[in-house]
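>>> No letters, just coordinates:
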Ligand code: SF4
């Protein structure tokens with residue numbers, strides 16, 4: 001990195017918080033598919049087959065490449081598997097597949113040294129390459145700490161020299177859950193510890209004159225992951241480095257949860273302009289991951305041009321400059337707001353708004369989509385775990401009684417005409433609100449607003465009192481940054497008005513119309529886009545509520561997406577969280593089947609985090625902050641964990657779920673599922 005670039009970016013982690021600009025990194029050669037620089041953001045994944053199963057691994061690799069993977073990673077737990085990578089590579093090349101291969105290494109430097117002579121890239125985890133993890137807390141003096149680094153340098157040098165000789169690239173892949181005891185003792189279980197863990201190895205590589213590096217900072221908690229990557233870039237910039245970034249959320253799980261969690265972490269960083277390659281980790285077949293990664297990444301191929309065109313069309317839109325003093329992107333701090341109507345803002349969980357203005361408001365069962373399960377026999381509603389807080393009805397009036405605790409939003413003109421305004425609140429335009437005077441309510445007034453409105457004369461005329469809540473909209477192509485700018489400006493103005501963040505998705509003019517790649521449907525697009533756009537604000541503590549507007553997507557999907565985003569950002573917990581690994585050649589049971597089995601009996605345990613890990617080598621570390629763990633420890637053997645402590649070792653897998661439930665019950669954390 002040249003001195004001018006270092007000076008320009010000093011103290012920052014991206015080019016701009018408010019305008020799309022890709023952070024340009026050093027180009028690294030990985031076989032014939034270079035990464036970083038101005039290359040496209042690359043897609044990759046990892047096989048789940050046994051590495052000794054040559055044909056199975058070759059065929060799965062081919063399916064992954066055909067699905068869009070540009071690199072394929074294969075586990076090499078020992079020298080035997082590392083050596084077999086040569087046969088796998090040969091078979092692939094014979095079939096015309098030149099995809100660069102990456103060897104995944106944990107704990108075994110000797111396997112890495114074999115693999116580095118065969119494949120195009122090796123991944124090492126600095127937490128367990130030459131370091132150790134026994135969950136020991138050791139106080140190191142500076143001298144002892146340096147002594148440990150010297151020891152690691154000796155063990156790491158042969159691999160670096162082989163990589164230099166063979167033109168092999170290397171990923172320094174830090175995982176939140178597998179930081180070494182040494183790092184944990186000095187930095188704790190923190191993003192800073194993750195960054196330092198990687199930086200130590202990067203500095204050793206540079207000392208040896210080796211620069212073909214890629215770096216990752218993965219965690220199953222998207223908030224930790226986002227902070228770690230940002231801190232990594234800031235630290236690298238300060239040291240004049242700009243290595244490409246491999247983005248990923250580990251153990252994201254499957255289905256909707258896995259997609260939303262991945263998008264919150266990966267999407268947030270892509271919005272910042274960071275990321276040179278993406279791996280989405282799902283507990284599904286590996287070929288299911290590439291289409292999700294592609295959908296996340298391709299939003300940015302035209303982003304800069306779209307933003308500039310939009311600005312040119314709307315003359316007068318300005319780019320807000322970066323103000324790091326008003327905002328720390330490296331730690332979570334919820335924006336301070338007042339509590340309006342004892343319901344939204346302040347310390348309340350973020351509220352969810354669902355648009356039912358176009359629904360059939362003659363049938364009470366329409367409320368099922370909002371999480372209020374209507375019983376026609378009893379003529380009453382039961383609240384589900386995920387029941388929305390507001391329904392927006394626009395100008396439509398329901399012909400049935402709504403649930404007694406549900407707030408309704410009406411357009412101002414319609415709200416004025418309601419004979420009974422209990423639980424009914426007006427949604428104003430900015431102009432309506434300013435001229436409404438005595439017609440405003442003392443309870444809750446919601447006002448539609450955009451970032452551009454903050455610079456208007458009208459904004460100065462807004463009557464401010466604790467009944468006011470903004471509904472923040474955007475039509476900017478780089479909408480997250482537009483909305484983030486709004487929050488940064490409010491902070492500057494010291495305005496503590498609660499804000500509901502609204503995003504609208506009209507897919508027909510937003511890229512995908514119905515189906516794309518034959519594998520990604522509108523539901524998935526909505527999950528990925530909304531999780532990116534709203535998640536990126538929530539991980540920074542911005543937003544007192546969310547409103548997803550997507551007329552082409554069924555309302556029940558919108559509700560579960562909204563609650564999924566709040567869960568993934570840990571801002572509102574409404575269900576059990578599963579931290580399940582994507583599986584690999586080390587896996588000791590069928591992850592997908594086991595995850596579904598565990599989910600079927602525990603999905604009502606709201607707030608509990610259950611780790612489901614395929615192997616005992618990496619599993620316990622990788623499941624990081626899970627409350628309980630179900631970890632493969634041998635053929636048909638499972639070890640159960642409470643936090644990081646193994647409480648039942650090597651039990652028969654046939655009884656393992658019952659035993660796990662027994663432990664949860666014994667801890668007083670079990671509740672019986674509702675009928
Ligand atoms: S935890 Fe899962 S993905 Fe990680 S090494 Fe073990 S089996 Fe493979």
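Structure's in. What do you need? Note that the structure is predicted; figures quoted are calculated from it, not measured. Numbering: from 1, shown residues only.
>>> From here on, just use CA atoms for contacts and neighbour counts.
Will do.
>>> from the chain's centre, how far out does the biggest helix by length in the chain sit?
Criterion DSSP state H: the longest helix present in the chain is helix 142-166. Distance of helix 142-166 from the chain centroid (Cα atoms, centre = their mean, to the nearest Å) equals 33 Å.
>>> Pick out the residue closest to the middle of this protein.
Centroid-nearest residue in the chain, with Cα atoms, centre = their mean: residue 265, separated by 2.4 Å.
>>> From residue 607, how far out is that one?
Using Cα to Cα, to the nearest Å, we find residue 265 at a distance of 20 Å from residue 607.
>>> Outside of the longest helix of the chain itself, list whatever touches it.
109, 112-113, 116-117, 130-131, 168-170, 182, 200, 204-205, 208, 210 (Cα atoms under 8 Å, 6 or more residues apart in numbering).
>>> what's the farthest-apart pair in these?
117 and 182 (29.8 Å; Cα to Cα).
>>> Same drill for the two, tell me which one is more crowded.
Comparing residue 117 with residue 182 by neighbour count (other Cα atoms under 10 Å), the higher total belongs to residue 182, at 24 against 20.
>>> how about the nearest residue to that one, chain neighbours excluded?
Excluding the flanking residues, the one nearest residue 182 by Cα to Cα, 6 or more residues apart in numbering is residue 138, at 7.1 Å.
>>> do you know how far that neighbour is from the ligand?
Here residue 138 is placed at a distance of 26 Å from the ligand (Cα to the nearest ligand atom, to the nearest Å).
>>> quick check, stretch 164-179 touching the ligand?
No: using Cα under 6 Å from any ligand atom, we find that stretch 164-179 stays clear of the ligand, coming within 10.6 Å at best.
>>> Would you tell me what the next helix or strand after the worst-scoring helix or strand of the chain on mean pLDDT is?
Every helix and strand of the chain was ranked by mean pLDDT, DSSP states H and E. The lowest is helix 3-9, at a mean of 59. Next helix or strand after helix 3-9 toward the C-terminus (DSSP states H and E): strand 42-46.
>>> Provide the strand pairings for that following strand, with the direction of each partner.
strand 71-75 (parallel), strand 277-278 (parallel) (DSSP bridges).
>>> how distant is the shortest one from the center of its chain?
By that I understand strand 277-278. Worked out by Cα atoms, centre = their mean, strand 277-278 lies 13 Å from the chain centre.
>>> Could you do the longest one as well?
The chain centre lies 22 Å from the centre of strand 71-75; the measure is Cα atoms, centre = their mean.
>>> what does stretch 413-425 give?
Using Cα atoms, centre = their mean, the offset of stretch 413-425 from its chain centre is 39 Å.
>>> can you check stretch 115-129 too?
25 Å.
>>> Same check on stretch 249-257?
On Cα atoms, centre = their mean, the centre of stretch 249-257 falls 9 Å from the chain's centre.
>>> could you check whether it is close to the ligand?
No: against the ligand, stretch 249-257 shows no contacts by Cα under 6 Å from any ligand atom, the least distance being 7.9 Å.
>>> Could you work out the end-to-end span of that stretch for me?
First residue to last in stretch 249-257 (Cα to Cα) measures 12 Å.
>>> what sits up against that stretch?
218-222, 225, 258-259, 261-262, 265-266, 280-284, 524, 527, 561, 564, 568, 578-582, 622-623.
>>> Stretch 667-675 too?
604, 605, 661, 664.
>>> what helix or strand does the third one sit in?
Think residue 661. helix 653-666.
>>> same for that helix, what does it pack against?
strand 637-642 (3 or more Cα pairs under 8 Å, 6 or more residues apart in numbering; DSSP states H and E).
>>> and the strand it packs on, which strands flank it?
Strand 637-642 has its sheet partners listed here by DSSP bridges as strand 628-634 (antiparallel), strand 645-652 (antiparallel).
>>> Using TSV, lay out those strands together with distance to residue 428, mean neighbour count and mean pLDDT.
Supplementary listing: the strands paired with strand 637-642 in TSV, determined by distance: least, Cα to Cα, whole Å; neighbours: other Cα atoms under 10 Å; pLDDT from 0 to 100:
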stretch	distance to residue 428	mean neighbour count	mean pLDDT
strand 628-634	47	27	94
strand 645-652	54	15	94
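>>> which stretch among those strands comes nearest the ligand?
In terms of Cα to the nearest ligand atom, the element of the strands paired with strand 637-642 nearest to the ligand is strand 628-634, at 8.0 Å.
>>> does that closest one come close to the ligand?
No: residues of strand 628-634 contacting the ligand under Cα under 6 Å from any ligand atom: none, with a closest distance of 8.0 Å.
>>> Also compute the angle for that strand relative to helix 653-666, please.
Here the directions of strand 628-634 and helix 653-666 differ by 160 degrees (axes from the mean of the first three to the mean of the last three Cα atoms, to 10 degrees).
>>> outside of strand 628-634, which residues touch it?
587-589, 609-616, 619-620, 623, 638-643, 650, 656, 660.
>>> do stretch 600-609 as well
In contact with stretch 600-609 (Cα under 8 Å, 6+ apart) are residues 573-579, 625-628, 670-671, 673.
>>> Tell me the buried residues within the residues you listed.
573, 574, 575, 576, 577, 578, 579, 625, 626, 627, 628, 670 (16 or more other Cα atoms under 10 Å).
>>> Backbone dihedrals for residue 214, please?
The phi and psi values for residue 214, taken as degrees, to the nearest 10, are phi -130, psi 150.
>>> Touching, it and residue 168? I think so.
No: assessed by Cα atoms under 8 Å, residue 214 is found out of contact with residue 168, at 11.6 Å.
>>> Show me the contacts of helix 142-166 that map onto strands.
169, 170 (DSSP state E).
>>> Just the ones of the contacts of helix 142-166 in helices?
Short answer: the contacts of helix 142-166 in helices (DSSP H) are 109, 112, 113, 182, 200, 204, 205.
>>> separation between the fifth one and residue 235?
Put plainly, it is residue 200. Relative to residue 235, and taking Cα to Cα, residue 200 is found at 12 Å.
>>> May I see the contacts of stretch 600-609 organised as CSV, with secondary structure added?
Output for those, formatted as CSV (DSSP: H, G, I helix; E, B strand; the rest coil):
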residue, secondary structure
573, coil
574, coil
575, coil
576, coil
577, strand
578, strand
579, strand
625, coil
626, coil
627, coil
628, strand
670, coil
671, coil
673, coil
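>>> ok, of these, which one's closest to the ligand?
residue 579 (10.3 Å).
>>> Look up the residues forming beta bridges with that closest one.
Beta-bridge pairing of residue 579 under DSSP bridges involves residue 611.
>>> Where do the helices of the stretch 151-300 of the chain begin and end?
181-187, 191-207, 222-238, 255-262, 268-271, 289-297 (DSSP state H, counting those that start in this stretch).
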